[in-house]
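[1] sequence first, then the predicted structure, then my questions.
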Amino acid sequence: TPKGACLESVKIAIDTGYRHIDGAFVYYNEHEVGQAIREKIAEGRINREDIFYCGKLWNTCHPPELVRPTLEKTLKILQLDYVDLYIIELPMAFKPGDAIYPKDENGKIIYHETDLCATWEAMEACKDAGLAKSIGVSNFNRRQLEMILNKPGLKYKPVSNQVECHPYFTQPKLLEFCRQHDIVIVGYSPLGTSRDETWVNVSSPPLLKDPVLNAIGKKYNKTAAQVALRFSIQRGVVVIPKSFNPQRIRENFQIFDFSLTEKEMKEIEALNKNVRYVELLM
Ligand code: A2P
């Protein structure tokens, strides 16, 4: 992100009322997120306990001995004592080292054999050490979740699973499975992504142009974005919309003063195309 954009956006978000901030080492802006949080605390606008910061363990850091040092590095960048939630960003490991996407001479990603259960035990130790208040996962399917849930000697269950979730990709089966196990689904790309062709499958149509979302929005004097976000929170999915635009940051927070009827919820659920924008082809 352009220098300072993240700092400004997080400060505006906090002023607007946002408290949950979703970050990651690989977004390369954690220093700005930390600075924004610390400035708002110094201003007396919030206390540290008011903020819910989620950090992520990258694929090159899955070996158990790397987990705690990696989180400590994130805390140092943030200049915070703990994260509220630390999650395994993806269920596959890459070769450890400085390269975020380690590649061989043919340009193929170099994977790394690790045991996800051992990584999870190292995550549990981070919670015990007070470095993370809660621990969870991201981009895990049911089988991968079951591997953790059925691990002998499991100390803490994942509290959440962050996955793509929005009206065009509603995840009905995973949502039901996670409900049964008290795992919160955090939906990323809740607005259908930025449609950046370098990582987004743009053959799926733009979510916010959807006629149903726009028609329902008209009825409530809301935008398609607000309807999409309201739909998710109303079915118990946490949303983490991304915007660097002050007006849209505020717009995305104005979703607590209306509710969708059961019929509208069903209509939006029927938009599901079972197609991901974020294919994670690696
Ligand atoms: P911008 O940062 O210029 O606001 P997602 O959260 O699904 O990843 O979507 C993020 C994309 O949606 C960004 O490109 C963001 O652009 C855009 N966006 C965020 N909020 C809105 C909104 N309320 N209406 C339209 N586009 C939005």
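    Nice, thanks for sending it over.
[2] tell me which residues touch residue 145, please.
    By Cβ atoms under 8 Å, 6 or more residues apart in numbering, residue 145 lies in contact with 137, 158, 161, 177-178, 181, 183. (C-beta placed from N, C-alpha, C; glycine too.)
[3] can you tell me which of the residues you listed lies nearest to the ligand?
    The nearest member of these to the ligand, counting by Cβ to the nearest ligand atom, is residue 161 at 17.4 Å.
[4] so does the one helix or strand that closest one maps to get close to the ligand?
    Applying DSSP states H and E as the criterion places residue 161 in strand 160-164. No - residues of strand 160-164 are not located near the ligand by Cβ under 6 Å from any ligand atom, the shortest gap being 8.9 Å.
[5] which neighbouring elements make contact with that strand?
    Where contact means 3 or more Cβ pairs under 8 Å, 6 or more residues apart in numbering; DSSP states H and E, strand 160-164 is packed against strand 83-88, strand 132-138, helix 172-180, strand 184-188.
[6] residues from this protein in reach of the ligand?
    189-194, 208, 223, 225, 241-245, 248, 251-252.
[7] what about the residues you listed, which are in helices?
    The members of the residues of the chain next to the ligand that map onto helices under DSSP state H are 225, 248, 251.
[8] quick one: neighbours of residue 73, just the number.
    Here the number of neighbours of residue 73 (other Cβ atoms under 10 Å) works out to 14.
[9] which SS class is it?
    Secondary structure for residue 73, judged by DSSP: H, G, I helix; E, B strand; the rest coil, is helix.
[10] how near is it to the ligand?
    26 Å (Cβ to the nearest ligand atom, to the nearest Å).
[11] do the same with residue 279
    Look at residue 279 and the ligand: by Cβ to the nearest ligand atom, they are 14 Å apart.
[12] circling back: from the helices and strands packed on strand 160-164, which stretch is densest packed?
    strand 83-88 (a mean of 24; mean count of other Cβ atoms under 10 Å).
[13] which residues touch residue 80?
    Counting by Cβ under 8 Å, 6+ apart, residue 80 touches 34, 37-38, 48, 53.
[14] change it to 7 Å
    Residue 80 makes contact with 34, 37, according to Cβ atoms under 7 Å, 6 or more residues apart in numbering.
[15] and it, how far from residue 244?
    Distance, residue 80 to residue 244, by Cβ to Cβ, to the nearest Å: 22 Å.
[16] just residue 40 next, same as before
    For residue 40, the distance to residue 244 equals 18 Å [Cβ to Cβ].
[17] reformat the helices and strands packed on strand 160-164 as TSV; add mean pLDDT.
    Formatted as TSV, those follow (pLDDT from 0 to 100):
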stretch	mean pLDDT
strand 83-88	98
strand 132-138	98
helix 172-180	98
strand 184-188	98
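[18] got JSON lines for the ones you listed, with distance to residue 76 too?
    Listed next are the helices and strands packed on strand 160-164 as JSON lines, based on distance: least, Cβ to Cβ, whole Å:
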{"stretch": "strand 83-88", "distance to residue 76": "12"}
{"stretch": "strand 132-138", "distance to residue 76": "14"}
{"stretch": "helix 172-180", "distance to residue 76": "32"}
{"stretch": "strand 184-188", "distance to residue 76": "25"}
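[19] return the closest of the ones in helices among the residues of the chain next to the ligand with respect to residue 28.
    Proximity of those to residue 28 (Cβ to Cβ) peaks at residue 248, which lies at 22.1 Å.
[20] what about the closest one, how many neighbours?
    By other Cβ under 10 Å, 16 other residues sit near residue 248.
[21] of the helices and strands packed on strand 160-164, which is nearest residue 119?
    Nearest of the helices and strands packed on strand 160-164 to residue 119, taken as Cβ to Cβ: strand 83-88 at 6.3 Å.
[22] kindly export that closest one (C-alpha atoms) in CSV.
    Output of strand 83-88 as CSV, limited to C-alpha atoms (Å, rounded to 0.1, in the frame of the first residue of the first chain):
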residue,chain,number,x,y,z
VAL,A,83,-2.5,-9.6,19.4
ASP,A,84,-6.1,-10.5,20.0
LEU,A,85,-6.1,-13.2,17.5
TYR,A,86,-3.3,-15.0,15.7
ILE,A,87,-4.2,-17.3,12.8
ILE,A,88,-2.5,-19.7,10.5
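[23] could you give the mean pLDDT of whichever helix or strand comes after that strand?
    The element immediately downstream of strand 83-88 (helix or strand, assigned by DSSP H and E) is helix 116-128. Averaged over helix 116-128, pLDDT sits at 98.
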